[in-house]
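Colleague: quick one, structure for this:
(chains A, B, C and D, ligands or ions: 6)
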Amino acid sequence: MAIATEVSPADFRTDIHPDWCPGCGDFGILNAIRQALAELNIQPHDVLTVSGIGCSGKTPHYIKSYGLHTLHGRSLPVATGAKLANSELTVLAMGGDGDGYGIGAGHFVNAGRRNLDLTYIVFNNGVYGLTKGQSSPTLRRGDQTRSMKEPSIQDNINPIAIAIAAGYTFVARGYAMDVKSMKAILIKAIQHRGTAIIDVLQPCPVYNDLQTAEFYAGRDLATAIPRVYKLEDEGFDPYVHDPDDGDEIIAKKVAATARSFEWGDRIPIGIFYGVDLPTLGDGFAAHRPDAPTTSIHKQAQPGQDVTSVLGRFR
Amino acid sequence: MAIATEVSPADFRTDIHPDWCPGCGDFGILNAIRQALAELNIQPHDVLTVSGIGCSGKTPHYIKSYGLHTLHGRSLPVATGAKLANSELTVLAMGGDGDGYGIGAGHFVNAGRRNLDLTYIVFNNGVYGLTKGQSSPTLRRGDQTRSMKEPSIQDNINPIAIAIAAGYTFVARGYAMDVKSMKAILIKAIQHRGTAIIDVLQPCPVYNDLQTAEFYAGRDLATAIPRVYKLEDEGFDPYVHDPDDGDEIIAKKVAATARSFEWGDRIPIGIFYGVDLPTLGDGFAAHRPDAPTTSIHKQAQPGQDVTSVLGRFR
Amino acid sequence: AEVFAKACARAGLFVFSNIEYHSNISGKHAYYRVRVNQKPINSPIDGVDLFLALDRESLFGDVDSPYPTHRGHIGQVTPDGGVIYDAELGVDDGEFGRDDIRLFPVPYGEILKAGLSRGGVDYEPRRHDIMRNMVSVAASFALLGVNMDEIVHVLQERLGEHRQHLVDMNERVLEATSDYVHERYGDDFPVHLRGIDSRANPMLIRGADASALGKLHAGCSFQSYYPIAPATEESEVLISLQSEYPIVVLQGEDEIACINMSIGAAHAGARASTATSGPGFSLMAEGLGFASITEAPGLVLTVYQRGGPSTGLPTRQSQGDLRFAVHPGHSEFPHVVLAPGDVQETLSLTFKAFNYADRYQLPVIVMMDRFLANSFWTVDELSFEGLQVDRGEFYQPNGRESYKRHQVTESGVSPRSVPGQPGGQFVTTSDEHNEYGKISEGIPNRHAQVEKRMRKLAQVERDAPVEDRWELHGTEDADVTVVAWGSTKGAILDAHHVVEREGISVNYLQIRMLRPFPADAVATILEKAKMPVLLEDNFEGQLGRLIAEETGIKIDRMLLKYSGRPFSQNEVETGLIQAARGGPERIVLSTEKSGV
Amino acid sequence: AEVFAKACARAGLFVFSNIEYHSNISGKHAYYRVRVNQKPINSPIDGVDLFLALDRESLFGDVDSPYPTHRGHIGQVTPDGGVIYDAELGVDDGEFGRDDIRLFPVPYGEILKAGLSRGGVDYEPRRHDIMRNMVSVAASFALLGVNMDEIVHVLQERLGEHRQHLVDMNERVLEATSDYVHERYGDDFPVHLRGIDSRANPMLIRGADASALGKLHAGCSFQSYYPIAPATEESEVLISLQSEYPIVVLQGEDEIACINMSIGAAHAGARASTATSGPGFSLMAEGLGFASITEAPGLVLTVYQRGGPSTGLPTRQSQGDLRFAVHPGHSEFPHVVLAPGDVQETLSLTFKAFNYADRYQLPVIVMMDRFLANSFWTVDELSFEGLQVDRGEFYQPNGRESYKRHQVTESGVSPRSVPGQPGGQFVTTSDEHNEYGKISEGIPNRHAQVEKRMRKLAQVERDAPVEDRWELHGTEDADVTVVAWGSTKGAILDAHHVVEREGISVNYLQIRMLRPFPADAVATILEKAKMPVLLEDNFEGQLGRLIAEETGIKIDRMLLKYSGRPFSQNEVETGLIQAARGGPERIVLSTEKSGV
Ligand SMILES: Cc1ncc(C[n+]2csc(CCOP(=O)(O)OP(=O)(O)O)c2C)c(N)n1
Ligand SMILES: Cc1ncc(C[n+]2csc(CCOP(=O)(O)OP(=O)(O)O)c2C)c(N)n1
Ligand code: SF4
Ligand code: SF4
Ligand SMILES: [Mg+2]
Ligand SMILES: [Mg+2]
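Modeller: Numbering: from 1, shown residues only, chains lettered A, B, ... in the order given. Ligands and ions are numbered 1, 2, ... in the order given. Next comes the predicted model:
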């Protein structure tokens, strides 16, 4: 439905300044979102951002589009309902790692099955920012950040591998301080027909003093080489070329999973996996093949006649 | 704390007969549990079974031990609290696939991080049995069971791969109709120090007319070869031999993940992955290295003196 | 038994039918109750004129099990009533312990085999035993003198043309049964059913059906659900209509997902809804507050109450969730609670629920229950009269000023914008916010927003027609005023006549809107009432507590039931007469005579 | 400011201190309020005698932002009060708009640099700017004539020996400030603080600390939590004590996990608990019913109320969760709700909560709030007197009969068995069950179990000492009876004297046990009361509604506040005087003078 005027990132600016801390990775993600939407020439009124609760959850307040800043952990279900009801919108769900992989993990897993056409962006900073720095599910065993009393005695989850195992059809990792590549991934994710998830490595300079921008840049290494590298730079091909080929799907999933476990001196970003499969919207549309393709909320007519159904009960 | 009397499976029998349907796979799982506990010579009063809601959830009523038949989806958190409070118990959490991977998926993922010493058994029948056969998260795209109006338009999740990505330190798949191998897996799972998960393929003859015992036995194939095969029969080595070797861990995880995607004519059962890592209990115990090893609920003394703490506030 | 009920309805009789079963898939005791009459009936009665038993447990209970729970239905059979049972069970006549009833042993298996062989089919226990049921129903038709054709018709419709061979097979079995019964028992049974031929083809319909119809008629285009007794049926009806109507029905991963999906759909422009029962309702607490503070428009939650607490009695009746429904989450927020009393009201109030939800932009809860959901009533026609759509105020961008999603207005309602509309962009949040939907923690704005939201409740009070809020059935002045809500309506109306025949005049205050509560009207009526009697299917007398909270009037007399079973007409009669004649203040109903 | 408060307490003064801040990590307006007195004080007051401002917004508000929310604190300064502010902000004296206050501009940066250079340290903005705070505090000490040594002591304790260099650095800054202020302003400020030397070293303690202490003293060995303002602090205190006491503190993946983990721990033998606030509380609805129907022993849930609804005002005060706490899930089940009024009561009632939870095997909710949790009070000693452990009845296997986990008894309480005990095996379930804990849907058993469970509430009513349930502070007979619950206690007690000086006698009914509710006692008191006035930090007057529900008595007069801020002593004074003198029935408090 994009109207033919040129959209610029500034069109997505609002009149308030983000209340994030200086140096927060969230700024980079915000900019990448604005730029990606502009580059795709999507009108602000055709965008719906849906976020959870956390520092990250405030993002919709800084994007001039439709926005729902929901509950802690519930961005995916709210986004799911919104997209199914109003399929003409470009829906971006987003939230923190605590939001998505902690309290929201049940939705994270089950949304993978649906392949509804939306994009989910996880601001992964290893901590619960807004509640002052407790460990999040991505913090690794032995890590001790500034606000912890002792090193973590729990393992981290691997969100990329879980996403692949849960059925997501587009799985990527971004890096908040690299706005350019982040934007490129976002564009592909939004263009992807189906559920796309982007786990974004996001420095939280206030509470996470381990996975900092310096760390990702490898400035602590003997020879300072960035830890973060791009999968595409290594010729990694994430895409399933024949979605009917079950073996290819498995092979790509396994290859992506293998990459997702890399950590330490080398941390891959970019697209891990992608496949084209029918979306949930396609599935629902099949019930009424002759129906228009407009949003279902427009098709339904309050007061519509149902007397023809009554025959069933006689 | 096992007392030196020989325990037999009959010691775990109760006076009521399971109210499952004839031919239900749950019977096999129940028997395997009783046999495994007896073979490990664990006294009934040292066992705590913790289940969710569903046909599967009724299992604790049929095992003469301590048992908590909890809420739909909450067996893992209840079991977690019980084990942490009373570490001398052998704790078996259990429930359906809807219970564990649907409503309970957030706990399923996050329990993987903790490595508390307990065993989690998932009765995976592809359907919501007790609510009359709706699809569960493990039902595959295109599958249409008896009580469905149309084929599933959602993908299935791969619980084995998710468990590995979530940090579970022992990951296995059982088959309900093969009580002997199920028992063997259970014994290893219970012996494993850390969180063990066993996803059990469980025929539901009433609602799932696709993944039936006949299907698993391959009786529908041109030449009737069982679909289900044992990983160990193929020399698959699931164990990490050096838990300090990060590369070996990743290699084993990737190999296990690759196997977990096998489906169709060949379906692996057995142990996919195992590693020895410090448990959550070890982590908590480290706070008070000189404390006794009895359950913490016995160490705490109601009325214990806290006046020494008051100094902090002065 | 559904076939029986349907066949009776076809024959022009008024039918009421309900089922009781365990939360279990197979093997535990279940039974249907079918009541038929030439006059309209709305509730079950205790006495059984003709009892069709399939097994021993139905007759005598589970007394031999390690934990017995009941003693069968034999005690419920009325004097002179009949019992059809399987002659092959080997029951000794003495076991019945009654000499005032008629016994009709029928050899189910033998007849089944005979019938099948008439159709040229070999009897296979696993395939055909399910048809023993049919033998029993056919036997009852034979005894009651009803034409077997009705059954055949019903079967034909159910099974469809491509399963005509099954229909034929059943027909043979029916014949065999009929022959056996006529030969053996002739006209031994005194009750004969005669339908009203003039009655047009009535519907046999459940509350769950009516709720689905109400949603569809309201134009609801999004329903999420998570399977749970007794709420699933409504969603199943809607699923079956997805190919005819523009509605998406999605199974969520849990009830938290469901309520939030529906909230998302509502914000995105749909009339959206979800349905659940107690445990799922508890999980929606946080979502309801979120819907309310963000003023999601057009969100309806249908709650099918069942026996609690916790998982409780999943397949049994209760009206236990009222107080939770009135205050279903932390803190304070506006929402509306409606409670229909029968099938027609379910249709109407469900339809209107969307109007309230749209117009006032707050969540509306419709309180159903297991009894209303799953029982069948005969209804000649459902009325759609007076069901006008009201979607509330929409914002029209004027290009001059920016849009205030939560504009402070006198009514408390802020015109809405549907995502996709150019110039209507807004963000809203579960945090306290200003008129623009931006997070705001300042004091003056906080006051304005709290008060604005709560003003909507007062506005509903002003706008809602009386019939949506309460109704006083019967005369203004009566010896006893029954005060009740929800699905007890049928039993109260049915009992009412009988009680009046005892010389006790009765009227009945039915409360349909529980929040905002019609406090003034209720207070006025109660102050005049000679003897108000609360009637509820719960332990605490929750409506009574709500009335006290809202009006300061405590109703001391109450008829309560919390056995997990619905009120029967008889129980209401007995209870009211006892109350009127100065019985104890708190009367708890549930006798062995009223079912097991 | 914490340093200031602590230093004052050390100097022998009574201190009350609280903080207001946004739900944000950095950059939004926050402020501390410290009240010091030679007599005990329990609440904040509105007037500010000495105002320490760090930035422009503190002075004049955020009027220049696109969505202004407040106008700073200048209006709160008392006539003749002082303002210490950064001379480098470049504020013009005229901007203050007041000529009745004393201005003390202090060049924070310059002094900081001077102080640092005295210590031989080079000023680096990013590292040292956080110390501007210290300049401001030191300036206030200098003006108020307090010895700087107290600050140094406090810093020394906080930073510890190995950070002695930081202490030294701060000490140099303090000196530099002190020199500057003495030189520039001498004795210009009229207020001088004098401590009571004889007072033994008092504690400066928060409700969150007292709650943690109560749990530990009760022998709680399992606490689960999910981070959430303002509940996290309690868990942090417990975490810091894990190395000294046998307690496991586990961060769960969400609040559903937390409540269920604690239920598991309780069933397994531990005194177990969790703490949360509104949104998490809503997510625990289902768990509470489960705990209650399975009769989990020893489970305590501490709810830290905050501004709602929904996410609401995460870091702000409210008493909005009362009605939800009293009925926190679907259906009907017994539980106990307690509400402490101050730090000492927090300790005592939290301790006792475990007794109720253990003895009656039902969940106990302790209602705290943001104000009580995070404010600091000076307390000389906490009393542990009368805190006796009661774990209830335990089952001793006798080898003869099998164990009935849910035995029907007169009190409703069934002796318990701790898993691991030979011969005490049981299973229990969230489904309705029989005495043995097996699923049962039969009617007689259903009645027995519902009634048994609910009898426990009546038993609590019989057993609980009055002091756990309510207290009438003051004379029996008074012009005004304040009816309140929870943390408003401090402000009411402080205001009480002032109001009495106006010739209005006041007493104060504090309700501590909200469920089971002390209906008879409350009714008796209210019937006698000349003018009952409800005082609550919520919109609906929830206690009033609960009283009406329980007693049929409606209290029409109420002082309410729902701005997200706590009552100050002044507000209570003003409100009570207004009410006593016939002001409007519903008085809503919150003025610009009471904070922003
Ligand atoms: C139900 C519920 N529980 C807890 C909270 C408190 N809370 C607010 S933000 C947050 C976590 C923030 O961490 P994350 O999701 O990683 O976001 P970040 O701040 O790091 O961007 C929590 C626990 C809440 N708002 N709601
Ligand atoms: C909160 C909640 N939602 C829904 C239900 C209804 N319910 C009971 S069992 C069940 C699912 C059963 O499926 P599964 O977990 O796979 O177990 P199975 O019966 O197949 O063994 C559901 C949804 C419930 N009890 N509680
Ligand atoms: S706390 Fe961390 S995540 Fe939150 S705004 Fe600050 S830097 Fe960003
Ligand atoms: S419905 Fe399926 S899972 Fe449940 S008892 Fe019957 S066969 Fe087993
Ligand atoms: Mg985070
Ligand atoms: Mg299942």
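Colleague: pLDDT weak spots in chain C?
Modeller: The model of chain C has pLDDT under 70 over residues C:197-198, C:592.
Colleague: how about a cut-off of 80?
Modeller: Within chain C, the segments meeting pLDDT under 80 span C:1, C:194-200, C:590-595.
Colleague: return the residues of it in contact with chain B.
Modeller: C:22-28, C:65-67, C:226-229, C:232, C:239-240, C:251, C:253-255, C:279, C:310-311 (CB under 8 Å from any CB of the partner chain). To be clear about C-beta, it is placed using only N, CA and C from the backbone, and glycine gets the same treatment.
Colleague: in helices, which of the residues you listed fall?
Modeller: Among the residues of chain C next to chain B, the ones falling in helices (DSSP state H) are C:232, C:239, C:240, C:255, C:279.
Colleague: just checking: which of those also lie near ligand 2?
Modeller: Taking CB under 6 Å from any ligand atom as the test, ligand 2 is in contact with C:255, C:279 out of those.
Colleague: ok and the residue in chain C nearest ligand 3?
Modeller: Closest approach between chain C and ligand 3, counting by CB to the nearest ligand atom: residue C:439, at 13.8 Å.
Colleague: now that residue. Nearest residue, chain neighbours left out?
Modeller: Leaving aside its sequence neighbours, residue C:439 sits nearest to residue C:431 (CB to CB, 6 or more residues apart in numbering or on different chains; 4.6 Å).
Colleague: partner residues bridging that neighbour?
Modeller: Beta-bridge pairing for residue C:431 (DSSP bridges): residue D:312.
Colleague: which residues are in contact with it?
Modeller: Contacts for residue C:431 (CB atoms under 8 Å, 6 or more residues apart in numbering or on different chains) come out as A:69, C:439, D:23, D:310, D:311, D:312, D:313, D:314.
Colleague: any idea which of the residues you listed is closest to residue C:14?
Modeller: Nearest to residue C:14 out of the contacts of residue C:431 is residue D:310 (CB to CB; 47.6 Å).
Colleague: burial count for that closest one?
Modeller: 27 (other CB atoms under 10 Å in any protein chain shown).
Colleague: from what I see, it and residue C:293 are in contact.
Modeller: Yes - judged on CB atoms under 8 Å, residue D:310 makes contact with residue C:293 at a distance of 4.3 Å.
Colleague: any residues in contact with both of these two?
Modeller: Common neighbours of residue D:310 and residue C:293, counting by CB under 8 Å, 6+ apart, are C:333, C:430.
Colleague: for the helix or strand hosting residue A:79, give the mean pLDDT please.
Modeller: Element membership for residue A:79, per DSSP states H and E: helix A:75-85. Averaged over helix A:75-85, pLDDT sits at 98.
Colleague: what pairs with the helix or strand following it, parallel or antiparallel?
Modeller: Scanning forward in sequence from helix A:75-85 by DSSP H and E, the next helix or strand is strand A:90-96. Next to strand A:90-96 in the sheet, as set by DSSP bridges, lie strand A:47-51 (parallel), strand A:119-124 (parallel).
Colleague: check whether strand A:90-96 contacts ligand 3.
Modeller: No - among the residues of strand A:90-96, none lie within reach of ligand 3 under CB under 6 Å from any ligand atom; the closest is 7.7 Å away.
Colleague: the next helix or strand after that strand and chain B, are they touching?
Modeller: The helix or strand immediately downstream of strand A:90-96 is helix A:97, counting by DSSP H and E. No - counting by CB under 8 Å from any CB, chain B has no neighbours in helix A:97; the shortest distance is 12.1 Å.
Colleague: before we move on, what about stretch A:250-258?
Modeller: Yes - looking at stretch A:250-258 against chain B by CB under 8 Å from any CB, the contacts come from A:250, A:253, A:254, A:257, A:258.
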